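Trainee: Provided below for reference: sequence and predicted model.
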Amino acid sequence: MDTSDTVFHALHHHGLLILPNVADAGGARLVEQRGSKAVATSSAAVAWSHGYQDGNQLPLPLLSSTLQSIARVISVPLTVDIEAGYSDDLQQVAGVIEAVIGAGAVGINLEDGYGSPDLLARKIETARQVADIRGVKLFINARTDVYLKNLVPAESRLAETLKRAAQYQAAGADGLFAAGMSEPTEIAGLCCGTSLPVNLLSREGLPSPQALQALGVRRLTAGSSIAEFLYGAMGSLASGFLQNGQLETQHLKAFSYGELNALMAP
């Protein structure tokens with residue numbers, strides 16, 4: 001019988017895996033009920049739900065308890081966005097991986113951000129070592145922010161992303177998350193240039209799911225977008241109710257990522 005970890009790996013090799021990221025157990029139960037083949041967390045949404053900013057701020061005990069509560073109520077694989085591992089110290093990153101696996105996750109997102117590719121490669125190696133010791137076929141989705149954070153000039157972005165993809169794959173990554181990429185020609189170039197399943201982030205202007213699949217993309221995620229809309233709706237409803245005691249459901253508008261992250265500032 002296939003286990004949850006092997007099932008999750010297989011989902012990246014048959015069509016396009018679409019994952020609406022969640023923050024908590026209720027959201028996880030909901031998306032599974034709606035047909036999601038796996039449950040993925042959004043690091044930002046999880047952090048915001050506890051009143052912390054996104055950006056490696058969430059304490060590990062809160063992350064662990066959140067994941068345990070999610071794993072308790074779902075029967076599909078769980079993958080967790082752990083940002084940059086919440087530390088640049090490899091021993092601490094190993095502790096995060098231990099906690100995530102212990103809570104029931106079979107996949108992680110691990111990002112480079114503004115850090116060096118060499119550092120993320122070492123974190124991937126650490127994650128793989130921990131998972132192997134635990135006997136879990138952990139799906140390590142290496143996120144590179146070359147596009148999302150404009151780390152290199154536009155004309156160099158694809159080449160830099162492919163270079164990082166090769167380095168991360170050699171370190172033990174199972175997938176590549178090219179957050180921010182949206183141009184079809186570049187998407188095709190990335191999918192042809194790496195054997196890793198490519199994950200893209202939903203954003204305005206991205207080709208349709210059918211087009212993405214034809215280009216070779218294997219995973220599409222919502223990131224923090226769902227949480228941004230939900231907090232925006234909550235803010236609108238709360239404002240109206242405070243003013244007149246009525247729930248006004250018209251003209252609901254999402255908060256932006258920046259507004260939400262600023263809201264959680266200490």
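Mentor: In hand now; what should we look at?
Trainee: can you list contacts of the longest helix along the chain?
Mentor: Longest helix in the chain by number of residues (criterion: DSSP state H): helix 225-244. Counting by Cβ atoms under 8 Å, 6 or more residues apart in numbering, helix 225-244 makes contact with 20-23, 42, 44-45, 48-49, 202, 246-249, 251-257, 260, all of which sit outside it. All C-beta atoms are positioned from the backbone trio N, CA, C, and that covers glycine.
Trainee: And stretch 31-45, by the same measure?
Mentor: Contacts of stretch 31-45 (Cβ under 8 Å, 6+ apart): 8, 11, 17-23, 28, 54, 58, 66-67, 70, 74-83, 107, 109, 221-224, 226-227, 257, 260-261.
Trainee: pLDDT at the residue positioned nearest the centre of the chain, what is it?
Mentor: Nearest to the mean C-alpha position of the chain, counting by Cα atoms, centre = their mean, stands Asp81 at 4.4 Å. We note a pLDDT of 98 for Asp81 in this prediction.
Trainee: and if you look at Met1?
Mentor: 43.
Trainee: in the stretch 101-250 of the chain, which spans are helices?
Mentor: 117-134, 157-171, 184-193, 209-215, 225-244 (DSSP state H, counting those that start in this stretch).
Trainee: how about those helices in a markdown table, adding distance to Lys149 and mean pLDDT?
Mentor: Below are the helices of the stretch 101-250 of the chain laid out as a markdown table (distance: least, Cβ to Cβ, whole Å; pLDDT from 0 to 100):
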| stretch | distance to Lys149 | mean pLDDT |
| --- | --- | --- |
| helix 117-134 | 13 | 98 |
| helix 157-171 | 11 | 98 |
| helix 184-193 | 16 | 98 |
| helix 209-215 | 22 | 98 |
| helix 225-244 | 17 | 94 |
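Trainee: picking up where we left off before, list the ones among the contacts of stretch 31-45 that fall in strands.
Mentor: Leu17, Ile18, Leu19, Leu78, Thr79, Val80, Asp81, Gly107, Asn109, Thr221 (DSSP state E).
Trainee: Spatially, which two of those residues are the most separated?
Mentor: Ile18 and Val80 (17.5 Å; Cβ to Cβ).
Trainee: of the two, who's got more company?
Mentor: Using other Cβ atoms under 10 Å as the criterion, Ile18 and Val80 rank with Val80 on top: 29 against 18.
Trainee: Might you report the residue contacts of Leu138?
Mentor: Applying Cβ under 8 Å, 6+ apart, we find Leu138 in contact with Asp5, Ile97, Ile101, Ala105, Val106, Gly107, Ile108, Ala127, Arg128, Ala131, Asp174.
Trainee: at 7 Å instead, please
Mentor: Asp5, Ile101, Val106, Gly107, Ile108, Ala127, Ala131 (Cβ atoms under 7 Å, 6 or more residues apart in numbering).
Trainee: Leaving out sequence neighbours, find the closest residue to the third one.
Mentor: Same thing as Val106. Spatial nearest neighbour of Val106, excluding adjacent residues (Cβ to Cβ, 6 or more residues apart in numbering): Asp5 at 4.0 Å.
Trainee: domain assignment for the protein?
Mentor: The record's domain parsing of the chain by automatic domain parsing lists 4-223, 224-266.
Trainee: if you compare these, which one is most tucked away?
Mentor: Sort the domains of the chain by mean neighbour count, taking mean count of other Cβ atoms under 10 Å, and domain 4-223 sits at the top with a mean of 19.
Trainee: start to end distance for that one?
Mentor: End-to-end distance for domain 4-223: 22 Å, by Cα to Cα, to the nearest Å.
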